[in-house]
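> Just need the structure, nothing else, for what follows:
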Amino acid sequence: MRMNRTILIVLIFLFCSCNIDAGIPENQNNSSTGFPPVGSDYWETQTPESLSWNTEAMPELKKLLEENGTRAFLLIKDGKIVIEEYFGKDLLGISKFDKTKRWYWASAGKTLTAFTVGLAQEDGFLNIDDKTSDYLGLQWTSLTTEQEEKITIKHQLTMTSGFADSKSKGDSFDPSNLNYMADAGTRWSYQNAPYTLLEKVVTKAADKEFDDYFSEKLATKIGMDGAWRWLGEYHIFFSTARSMARFGLLMLNNGDWEGEPIMKDKEFIRQMITPSQVLNESYGYLWWLNGKNSFMLPGSQLIIQGSITPNAPPDMVSGLGKNGQYLSIVPSKNLVLVRMGENPDDSEVAAMFQREIWEKLNKIMNIEK
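Here you go, the predicted model:
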């Protein structure tokens, strides 16, 4: 996700100046998973020693994180914070980064949009098999009517809308930038424009602004801070690292928060974090899936054999954003991992840096790989 730096700095300033404080397996036992109170910054903790982790390996992880521009890193097990580290300055470079400071999710925020689309379907406002043109009208693209009418909300969720990869206009979602490459459902290509238009679909379907619907149906119910901000053609979510972790905890618990189903449709949750199509088996509904036989990455049609993060647990699913924004959940380990920060390796989703983090975590958690 590329952003004009000048626009980013100006809007970050405006934002900071008004800052507000899988299918999960059915037999997964989450009874030990706690929840931080809504409306409070209290979060229960536990020590690595209490889990018999290898604390001698922790300085290596901290060094890796700090040397690669990390601002926030959280590791939560059974709903309790085990590791929480902050580094460097806030977005404006003024004060030290800490648990009260917000950072951008970049494309990791796509996971929030996927969940919100699921809520809109649950409320009966839309069905993901509906044609996108049912909500955006005809000629929302430069395609012929026949080509356009093949595109559904599900294609937008799975990066299979079939548009040509744009180079001249970046990620603009103007119809002139949405040009035909292949029939919907026949080509996987990581594109921000059709994704961003999902928010306009929800707004039209629910007859309520996407940001308001998201806040009402999701964020306030689990105590997330943060807000969406337009940065050019990108709609970016900003929040504290702990708020990102709250959403991860919700997903780890199959869409329930303290026994309350934030999303009742467990089948949609399962679909979000299982292969959504056969073209890129490591991609669900805007979530990245570990442990598959192959994967594709943004900006390429190359199919790479093996798992995207082979040294991490195979059931890990992640929201991955530019400059190494990570939200990962691992049902088998009852873990939530959050990383926010600067660019570690100049890739669209920084998958390689995720492998480096797991190399250190495996030593800490005594996981043989």
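> Which stretches in the stretch 151-300 of the chain count as strands?
Secondary structure of the stretch 151-300 of the chain (DSSP state E, counting those that start in this stretch): strands at 227-231, 234-239, 256-257, 260-261, 288-289, 294-295.
> and among the ones you listed, the most buried is which?
strand 288-289 (a mean of 26; mean count of other Cβ atoms under 10 Å). (Glycine included, C-beta is placed from N, CA and C.)
> Check which helices and strands that one sits against.
Here strand 288-289 touches strand 317-321, going by 3 or more Cβ pairs under 8 Å, 6 or more residues apart in numbering; DSSP states H and E.
> Neighbouring strands - and their directions - for the following helix or strand past the strand it packs on?
Using DSSP states H and E, the helix or strand that directly follows strand 317-321 along the chain is strand 325-330. When pairing is defined by DSSP bridges, strand 325-330 lines up against strand 317-321 (antiparallel), strand 335-341 (antiparallel).
> Out of those, flag the one nearest Gly88.
strand 335-341 (7.7 Å; Cβ to Cβ).
> Kindly calculate the angle that the closest one makes with strand 234-239.
Relative orientation of strand 335-341 versus strand 234-239 (axes from the mean of the first three to the mean of the last three Cα atoms, to 10 degrees): 120 degrees.
> Tell me the first helix or strand C-terminal of strand 335-341.
On the C-terminal side of strand 335-341, the closest following helix or strand by DSSP H and E is helix 351-364.
> what about stretch 142-153, distance to the chain center?
Distance, stretch centre to chain centre, for stretch 142-153: 27 Å (Cα atoms, centre = their mean, to the nearest Å).
> Can you give me the end-to-end span of it?
End-to-end span of stretch 142-153 (Cα to Cα, to the nearest Å): 17 Å.
> now stretch 281-294
Stretch 281-294 has its terminal residues 7 Å apart, counting by Cα to Cα.
> Show me what counts as buried in it.
Within stretch 281-294, the residues that qualify as buried are Glu281, Ser282, Tyr283, Gly284, Tyr285, Leu286, Trp287, Trp288, Leu289, Asn290, Lys292, counting by 16 or more other Cβ atoms under 10 Å.
> Name the nearest of the residues you listed relative to Arg102.
The closest of the buried residues of stretch 281-294, once distances to Arg102 are taken by Cβ to Cβ, is Leu286, at 21.4 Å.
> Mind checking the pLDDT average for stretch 223-232?
Stretch 223-232 shows an average pLDDT of 96 in the prediction.
> thinking again about what came up before, out of the strands of the stretch 151-300 of the chain, flag the one nearest Ile367.
Nearest of these to Ile367, taken as Cβ to Cβ: strand 288-289 at 19.3 Å.
> tell me the average confidence for that closest one?
Here the average pLDDT along strand 288-289 is 98.
> which other residues reach that strand?
For strand 288-289, contacts defined as Cβ atoms under 8 Å, 6 or more residues apart in numbering pick out Ile273, Thr274, Pro275, Glu281, Ser282, Tyr283, Ile308, Val317, Ser318, Gly319, Leu320, Val349.
> at 7 Å instead, please
Ile273, Pro275, Ser282, Tyr283, Ile308, Val317, Ser318, Leu320 (Cβ atoms under 7 Å, 6 or more residues apart in numbering).
> Kindly report the same for stretch 301-311.
Where contact means Cβ under 7 Å, 6+ apart, the residues beyond stretch 301-311 that reach it are 282, 288, 290-292, 294-296, 314, 316, 351, 354-355, 358-359, 362, 369.
> repeat that with 10 Å
Counting by Cβ atoms under 10 Å, 6 or more residues apart in numbering, stretch 301-311 makes contact with 165, 187-189, 279-283, 288-297, 314, 316, 318, 320, 328, 349, 351-352, 354-359, 361-362, 367, 369, all of which sit outside it.
> Give me the buried entries from those residues.
Among these, those buried by neighbour count (16+ other Cβ under 10 Å) are 187-189, 279-283, 288-290, 292, 295-297, 316, 318, 320, 328, 349, 351, 354, 356-358, 361-362.
> Can you show me the helices along this structure?
Along the chain, counting by DSSP state H, helices occupy 5-16, 58-67, 110-122, 133-136, 145-148, 153-158, 192-206, 210-214, 220-222, 241-252, 266-272, 351-364.
> I'd like the ones you listed as JSON lines, with distance to Asp345 appended.
As requested, those are exported to JSON lines (distance: least, Cβ to Cβ, whole Å):
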{"stretch": "helix 5-16", "distance to Asp345": "19"}
{"stretch": "helix 58-67", "distance to Asp345": "12"}
{"stretch": "helix 110-122", "distance to Asp345": "20"}
{"stretch": "helix 133-136", "distance to Asp345": "36"}
{"stretch": "helix 145-148", "distance to Asp345": "37"}
{"stretch": "helix 153-158", "distance to Asp345": "26"}
{"stretch": "helix 192-206", "distance to Asp345": "20"}
{"stretch": "helix 210-214", "distance to Asp345": "30"}
{"stretch": "helix 220-222", "distance to Asp345": "31"}
{"stretch": "helix 241-252", "distance to Asp345": "20"}
{"stretch": "helix 266-272", "distance to Asp345": "27"}
{"stretch": "helix 351-364", "distance to Asp345": "5"}
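> Test for you: state the pLDDT assigned to Ile303.
96.
> switch to numbering from 58
From this message on, residue numbering opens at 58, which makes the last subject Ile360.
> Where does pLDDT dip in the stretch 308-426 of the chain?
426 (pLDDT under 70).
> if we go to 80?
For the stretch 308-426 of the chain, applying pLDDT under 80 flags the ranges 403-407, 424-426.
> re the thing from before, a markdown table please, covering the strands paired with strand 382-387 and showing distance to Thr215.
Listed next are the strands paired with strand 382-387 as a markdown table, based on distance: least, Cβ to Cβ, whole Å:
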| stretch | distance to Thr215 |
| --- | --- |
| strand 374-378 | 15 |
| strand 392-398 | 24 |
